[in-house]
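**Q** okay, predicted coordinates and the sequence, questions at the end:
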Amino acid sequence: MSDPLDNNTPEQMVTDPSSQLFASLADFYRDNGLYPEAIAICQAGLESQPDNIEGRLVLSKCLLATKQYALARAEAAKVLSVQSEHSEAKKVLAQADSAVPEAEAPAAAPVKVETAVIAETPLQVKTTEEPVLAESAVKLEAPLPEPVKIPEPPAREIPSSPLPLMAGRTEPQPIPAQKTEDRPAEVPPVTKAPPAASDKPTKLAAEEATEWQAGFGKIMNDLVQTPQVKACMLVDENGYAVADAVSRSGQSLSEDSAALSANIFKTAFEALKKIKLGELERIVIETGDEKIFLRQAGRMIMMISADSSAKVGLVMVNSKRAAEQAENLAKKEPNRQSF
Amino acid sequence: MKEILNQINEISGVKGSLVVDNEGLVVVSNLMSGLEERTISAMVAGIYQEIIKALRPEQGSELSGVQLSASEGSIIFLCAPECILTVITEPGANIGLVSIKMKASLERLMKIL
């Protein structure tokens, strides 16, 4: 003969959820704030004793404490269905009704999870797994409202932050994109337009420069046509040859002669200044077989090599005209660079 | 030699004349006031040396005479192996006549030297 009270021994009461004292044990847990354990005990006990009013009431209180208002209200309603005048059940129902129903929906899922987990595990209140379960359950319930809030900020941050981020990134990205787009757009005009525009000026400038240089050569060619003139050369103030011309019977003047003639002219120029004879205009050097004429043409020096029998007066006249032409041409230099 | 220079100075437009050696030392001079013989002799010697450098010695060219025409006068000098006869003229002087007279005078000077 087995006594039903045998099930209520302390060991059975702890290990067996079908014990009739599960409601008191769950209430004890509830008083100490261990709501998940209390809920687990109640649910396990109510499976075997669904008509246990106290156990269901404790469950409703625990559900109410864990803000599972719908479940708490349902459990309280079950109690009231059996005992309609149950004051505590009414109180729980009233509190569940007054609570915000919107917060119940998200809280409902974790309860099922808890019940499922706890139902599978046997009730071992005094074992070391209890606090683990309790902590895990608390952790599961405590963060419940937080997970709802946590996803929101990221959800807000993601759309909000990416926008500025994208805006910040897209702004620089379009800029280089525009730059890269503009560069090829700008470069071609810069490379194409200026060359196209600068080709003509450069060509014109080159043509003008060549024409300008050819002008000195033409002056020298005209001068070398003077009788007995063998060669002539136009030298800048630094002794570099600008243009020269040679007659049929003459020899071309070397660059050394040009440099030396420029040096002679400079020395004589300074000497005549010191003697107070004014500015030097021309030099006639007579040697045994030739006459050398040096004349200033603006900033240039004209050197004429003539035969010893050359008429100085004729050469002087022609050289003076040529010097004036060269001086005028030098003033028309395209780049206006002085010699 | 002074007499020879005086004959040159009698030509219209001639301001003075002098004889210098190749180094620029004055041998004899007959210059009008305002002309410094040392300065003129040094300048003439310098120009002479520059021209001698410029001439091509390999061709055997020997300097015989130089005319330097400036805005306020001219310097003409004829070169002999041992001396340089120099004449300073005004701007409107007859350079041709002066040159002929200088050549005759140089021959006389060469006989004296």
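**A** Arrived safely.
**Q** can you check the pLDDT for residue 39?
**A** Using chain A. On pLDDT, A:Ile39 comes in at 88.
**Q** actually it's chain B I care about, not the one you picked
**A** So B:Thr39 comes in at 86 (pLDDT).
**Q** residues contacting it?
**A** For B:Thr39, the contacting residues are A:Lys274, A:Ile275, taking CB atoms under 8 Å, 6 or more residues apart in numbering or on different chains as the criterion. C-betas here are computed from N, CA, C, even on glycine.
**Q** quickly note the distance from it to A:Ser308.
**A** B:Thr39 sits 31 Å away from A:Ser308, taking CB to CB, to the nearest Å as the criterion.
**Q** same check on A:Asn263?
**A** Counting by CB to CB, the separation of A:Asn263 from A:Ser308 is 23 Å.
**Q** of these two, who's got more company?
**A** A direct count of neighbours by other CB atoms under 10 Å in any protein chain shown for A:Asn263 and A:Ser308 places A:Asn263 higher, at 16 against 12.
**Q** check that one and give its pLDDT.
**A** 84.
**Q** in contact with the closest residue to it other than its chain neighbours, which residues?
**A** Excluding its sequence neighbours, the residue lying closest to A:Asn263 (CB to CB, 6 or more residues apart in numbering or on different chains) is B:Glu50, at 6.2 Å. By CB under 8 Å, 6+ apart, the contact list for B:Glu50 reads A:Leu260, A:Asn263, A:Ile264, A:Thr267, A:Ala268.
**Q** please redo it, this time with the cut-off set to 7 Å
**A** A:Asn263, A:Ile264, A:Thr267 (CB atoms under 7 Å, 6 or more residues apart in numbering or on different chains).
**Q** Throw those residues into TSV and include secondary structure and distance to A:Leu80, thanks.
**A** Rendered in TSV, the data for the contacts of B:Glu50 read as follows (DSSP: H, G, I helix; E, B strand; the rest coil; distance: CB to CB, whole Å):
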residue	secondary structure	distance to A:Leu80
A:Asn263	helix	132
A:Ile264	helix	137
A:Thr267	helix	136
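**Q** how about the strands of the chain, start to end?
**A** Picked chain A for this. Per DSSP state E, chain A has strands spanning A:229-235, A:241-246, A:280-287, A:290-297, A:300-307. These are given in chain order.
**Q** you answered for a different chain; I wanted chain B.
**A** Counting by DSSP E, the segments of chain B that form strands are B:14-20, B:26-31, B:63-70, B:73-79, B:84-89.
**Q** need those strands in JSON lines (columns: mean pLDDT and distance to A:Leu46).
**A** JSON lines is the format used below for the strands of chain B (pLDDT from 0 to 100; distance: least, CB to CB, whole Å):
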{"stretch": "strand B:14-20", "mean pLDDT": "90", "distance to A:Leu46": "147"}
{"stretch": "strand B:26-31", "mean pLDDT": "87", "distance to A:Leu46": "149"}
{"stretch": "strand B:63-70", "mean pLDDT": "88", "distance to A:Leu46": "138"}
{"stretch": "strand B:73-79", "mean pLDDT": "90", "distance to A:Leu46": "143"}
{"stretch": "strand B:84-89", "mean pLDDT": "91", "distance to A:Leu46": "147"}
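**Q** out of those strands, deepest packed?
**A** strand B:84-89 (a mean of 26; mean count of other CB atoms under 10 Å in any protein chain shown).
**Q** now find how far off-centre that strand is within its chain.
**A** Centroid separation for strand B:84-89 versus its chain: 3 Å, with CA atoms, centre = their mean, to the nearest Å.
**Q** note down every partner strand of that strand and its orientation.
**A** Each strand that strand B:84-89 pairs with, and the sense of that pairing, follows from DSSP bridges: strand B:14-20 (antiparallel), strand B:73-79 (antiparallel).
**Q** distance check, the residue nearest to the spatial centre of chain B against chain A.
**A** In chain B, the C-alpha nearest the mean C-alpha coordinate belongs to B:Thr86, at 1.5 Å (CA atoms, centre = their mean). Here the distance between B:Thr86 and chain A works out to 11 Å (CB to the nearest CB, to the nearest Å).
**Q** what distance do you get for the closest residue to that residue other than its chain neighbours to B:Thr89?
**A** Distances taken as CB to CB, 6+ apart place B:Phe77 nearest to B:Thr86, at 4.2 Å, with adjacent residues excluded. For B:Phe77, the distance to B:Thr89 under the criterion CB to CB works out to 11 Å.
**Q** ends of stretch B:9-20, how far apart?
**A** Start-to-end span of stretch B:9-20 (CA to CA, to the nearest Å) is 16 Å.
**Q** quick one: contacts of that stretch?
**A** Where contact means CB under 7 Å, 6+ apart, the residues beyond stretch B:9-20 that reach it are B:1, B:5, B:8, B:26-32, B:35, B:37, B:40-41, B:44-45, B:73, B:83-90, B:92-94, B:97-98, B:101, B:109.
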